[in-house]
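Q: Model the structure of this input:
(2 chains)
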There are 2 protein chains.
Amino acid sequence: MEEPSETKRSTLSGRLEAQWIVGFVDGEGCFYVGINRHPEMTAGYQVLPEFTVVQHLRDIQILYALKSFFCCGVVRSNHADRMAYRVRGINHLIERIIPFFDKHQLKTKKKINYIKFRKIVLMIHQKKHLNSEGIKQIRKIASSMNQV
Amino acid sequence: MEEPSETKRSTLSGRLEAQWIVGFVDGEGCFYVGINRHPEMTAGYQVLPEFTVVQHLRDIQILYALKSFFCCGVVRSNHADRMAYRVRGINHLIERIIPFFDKHQLKTKKKINYIKFRKIVLMIHQKKHLNSEGIKQIRKIASSMNQV
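A: Okay, here's the model as predicted:
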């Protein structure tokens, strides 16, 4: 069940400020690109970019506030008592998430990761993930992400 | 060595906005009160409130930017490859940290913890930690903090 109640959904709606979101995502956000072998795809791989913020269940209202702010994504159970706000749709990433983080820049080194994520999302939008040269480039960028 | 270089210290100085800090602290900050038995103290206990933000070494410049913003605290090694920005001085907590988070309210449930922390810091400032009734109250509040 995605949305437990209207009350939980709207508690913080409209009350988040852009800079608060940047700070919170600098701390808690994740820009991730999953790449799976997928024989039915033209280039043999499926590319799954994802923007995620994970919180303990106690702060689920923050995740719904992010969903309201960005007008996209879902709030789902992550694991155990943790919940995740997640945006996977390419159009939502292109139209809502990327313009926001282009305008309001991250301040931690997470920004380097975001730039790589952005590059891959734009390549997918340009259908470059459908040929083997594009997939090769995407896999190279993705392999350098989220490293300690 | 507290401050590796002037360059690292000043990279982000003056560039943090209040709402970014609130968002970042909502994610990464900690308001903690340590209580240790201490036979030499009047009431038998030492109370150590502490505001901390921990980051991987790669984002040490963020910790120095927080130090610059609040004009107090230290940046120190935490453990392994993690660094901490830490404010422990009662006067700094009273004059800089508490007025900031009173004005710019936290949005996650960390706020509940902050309110308890604030209460204890004010009690210490009023010297209530020097008598056994005060210590009893402080221990009760502190024991209810940072619970999952």
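Q: Can you pull the residues of chain A lying near chain B?
A: A:12, A:15-28, A:55-56, A:58-59, A:62, A:65, A:81, A:107-109, A:148 (Cβ under 8 Å from any Cβ of the partner chain). The C-beta positions use only the backbone N, C-alpha and C, and glycine is treated the same way.
Q: Got phi/psi on A:Pro70?
A: Actually, residue A:70 is Phe. It isn't Pro. For A:Phe70, the backbone dihedrals are phi -90, psi -10 (criterion: degrees, to the nearest 10).
Q: gap between the closest residue to it other than its chain neighbours and A:Lys103?
A: Distances taken as Cβ to Cβ, 6 or more residues apart in numbering or on different chains place A:Arg96 nearest to A:Phe70, at 5.0 Å, with adjacent residues excluded. Using Cβ to Cβ, to the nearest Å, one obtains 11 Å as the distance from A:Arg96 to A:Lys103.
Q: Please apply the same query to A:Leu122.
A: Taking Cβ to Cβ as the measure, A:Leu122 falls 16 Å from A:Lys103.
Q: Likewise for A:Glu133?
A: 31 Å.
Q: remind me, longest helix of chain A?
A: Taking DSSP state H as the assignment, the helix of chain A that covers the most residues is helix A:110-125.
Q: quick one: buried residues of stretch A:100-115?
A: Going by neighbour count (16 or more other Cβ atoms under 10 Å in any protein chain shown), the buried part of stretch A:100-115 is A:Phe100, A:Phe101, A:His104, A:Leu106, A:Lys107, A:Thr108, A:Lys110, A:Asn113, A:Tyr114.
Q: Next: stretch A:111-127.
A: Buried residues in stretch A:111-127, counting neighbours by 16+ other Cβ under 10 Å, are found at A:Asn113, A:Tyr114, A:Lys116, A:Phe117, A:Arg118, A:Ile120, A:Val121, A:Met123, A:Ile124.
Q: Before I go, just wanted to say thanks for your time.
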